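Participant: Sequence below, structure please.
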Amino acid sequence: MLHPDELRGRTLRYLLDLDWGGDVHHLSDGAHSAVFDGVSYTYTPGLDYDANMSDAADLFRRTPEERKAAIVVHLAGLVDVPARVAAGYDLRSATARLYVWIEGTNTRELLLDGEVREPAYGMPANPHAVEFMLVERPQDDRSKLPTSPLAKILRAVTHTAPDDKSRDEWYPTVIGKPGASASPDFVWATPAQLVDASSTHVLVSDGRTAGGTVRLKNFSGTPDAENYTVAHQADALGRIYAYVDYSSPALTIAAGDDLWVAWNASSGGILGRDGNALEGAGDIIEHFLGLSSLRWDAGRIAAVAPRLNAYTLAGYIQPGPDERISAWEFLRGDVLPLLPVGIRNGPDGLYLVIFDPDASDPLEHLEAGRNCSRTSAIVYDDEERYSEVRFSYEFRGDEDKPNAVAVVTGSEATIADDPTALRDPFLAAGLRLYGERVLEAKSAWVYDDATAVRIASWMARRHALPSRLVEYDVDHALAFLEPGDVVELTDAGVSLSCVFAMVDEREIRTDGTVLLVLRLWPRAADLRS
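Facilitator: Numbers count the residues shown, from 1 in each chain. This next block holds a predicted model:
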């Protein structure tokens, strides 16, 4: 990270490390030497990069937007480019890292770690120059869930005599306490599988779980029974799974019956690092990123995990018999859409930016005429606005439909009809300005009432009123500000006094100047009764 104390009075320069067939060429706009992480580097002239590097927050995107930069390198005197290509060294297989460096220091920030695309060489005037697009490495997660291809009910392989209905099904990976803390009592939330028709055991989860007790129901006609203790054992290949013994209290189960489980508040699915049931959204993100093949910033993820753990999630992962999904596919599809976060790629990999327009501690105060100057008009975003958010949750697995809904609204009529609905001042303002419009959302991964309200509330804050965008040239000593950071802005020319804004985009220019795109979110003080 660029530090403001180092930035003051210094020049920013670009550095490129080009790896072509195992040979790494260190290039810049001139001859420079520096020590990074205890290693001495010498950069030779040969980098021609006159574009501006833009870095955006990508709030609410499920995948970071692909970043790229057009680059020319001059390798004359370093390598005979045509001869090396003729020798079988493919330019398309090269990779490169583009850095911004504070000259005279040992501090650099990685801007782009990518692949060489569309390379061209052999220009008549300069055959040793190479033009290419440096494109950020794609978020291609090669992991698979379940992690073992044998975590399934295979006759004569993992189990001796499984029920035909369960045969070839994956063990469900249960997370949190699906069905617990539901209204009014509980919900049948995860499937159970008869793994041996000759025993009284049914499998309820892959892996070692938090144990406790669960309720089991046979939807083929037998009444439900309560408080079966979760136990663990290994299948024929040694993989641990969780099961319950339905012999006491006795429950009649036959081959082909439809079995479902409701997890109690004292129970829980797979274990987190603390030995308890994995259920906080932050811990879930860390856990599954750890199973992925992605490059991710463990420090930044750990920093936001405690705040995201306020969202308690629960559910199960069980792809079709002939399918598996990646860890990132699960996070991107089921977890991240529930959270007020955006996804970014940084120097150390993927991390999350929290949507926090009401932050109380801005990182910097920007003041027009002192450390910044406005370079654009103030533009309103043009997204749809809503006066009410209805978030459906507590999905019944047996029927695949929600059992409850959390309502956050700006309508007094809705509150009069539904005493559980919560009034939101931003939605009320949106109703007065834009009329009635309802945002419907749902998830099969929420069984906790407080979490459902929390999700509906941040969606209300996000969608009730429009944000505004404005651009500022800032002192290059402020280049440490990153997308997602909150700043305080004063600009008397447009009647802005100590307003909070989020950095939406940062552009570091080749002349050392920095452009910030700021997003102004409405705050409570801006509302009119």
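Participant: Show residues contacting the host helix or strand of Ala83.
Facilitator: Assigned by DSSP states H and E, Ala83 belongs to helix 81-86. Residues outside helix 81-86 that contact it (CB atoms under 8 Å, 6 or more residues apart in numbering): 20-21, 75, 91, 121-122, 127-130. C-betas here are computed from N, CA, C, even on glycine.
Participant: is it possible to export these to a markdown table including pLDDT, neighbour count and secondary structure?
Facilitator: Output for those, formatted as a markdown table (pLDDT from 0 to 100; neighbours: other CB atoms under 10 Å; DSSP: H, G, I helix; E, B strand; the rest coil):
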| residue | pLDDT | neighbour count | secondary structure |
| --- | --- | --- | --- |
| Trp20 | 96 | 23 | strand |
| Gly21 | 93 | 15 | coil |
| Leu75 | 94 | 21 | coil |
| Leu91 | 95 | 18 | helix |
| Tyr121 | 95 | 18 | strand |
| Gly122 | 93 | 12 | strand |
| Pro127 | 89 | 15 | strand |
| His128 | 91 | 20 | strand |
| Ala129 | 93 | 18 | strand |
| Val130 | 95 | 25 | strand |
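Participant: In JSON lines, list the residues you listed along with distance to Asp418.
Facilitator: Shown next, in JSON lines, are the contacts of helix 81-86 (distance: CB to CB, whole Å):
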{"residue": "Trp20", "distance to Asp418": "64"}
{"residue": "Gly21", "distance to Asp418": "66"}
{"residue": "Leu75", "distance to Asp418": "69"}
{"residue": "Leu91", "distance to Asp418": "63"}
{"residue": "Tyr121", "distance to Asp418": "67"}
{"residue": "Gly122", "distance to Asp418": "71"}
{"residue": "Pro127", "distance to Asp418": "74"}
{"residue": "His128", "distance to Asp418": "72"}
{"residue": "Ala129", "distance to Asp418": "68"}
{"residue": "Val130", "distance to Asp418": "65"}
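Participant: Ser148: which of those is nearest?
Facilitator: Gly21 (36.6 Å; CB to CB).
Participant: mind showing which ranges of this structure have poor pLDDT?
Facilitator: 1-5, 50-54, 56-66, 137-139, 181-184, 510-512, 525, 528-529 (pLDDT under 70).
Participant: Which helix in it has the most residues?
Facilitator: Looking across the chain with DSSP state H, the single longest helix is helix 449-463.
Participant: Now do whatever helix or strand comes next after that one: which elements does it pack against?
Facilitator: Counting by DSSP H and E, the next helix or strand C-terminal to helix 449-463 is strand 468-474. When contacts are defined as 3 or more CB pairs under 8 Å, 6 or more residues apart in numbering; DSSP states H and E, strand 468-474 sits against strand 372-374, strand 379-380, strand 514-520.
Participant: hey, which of these is tucked in deepest?
Facilitator: Greatest average neighbour count among the helices and strands packed on strand 468-474 goes to strand 514-520 (a mean of 22), per mean count of other CB atoms under 10 Å.
Participant: Parallel or antiparallel, list what pairs with that strand.
Facilitator: Strand pairing for strand 514-520, determined by DSSP bridges: strand 468-474 (antiparallel), strand 496-508 (antiparallel).
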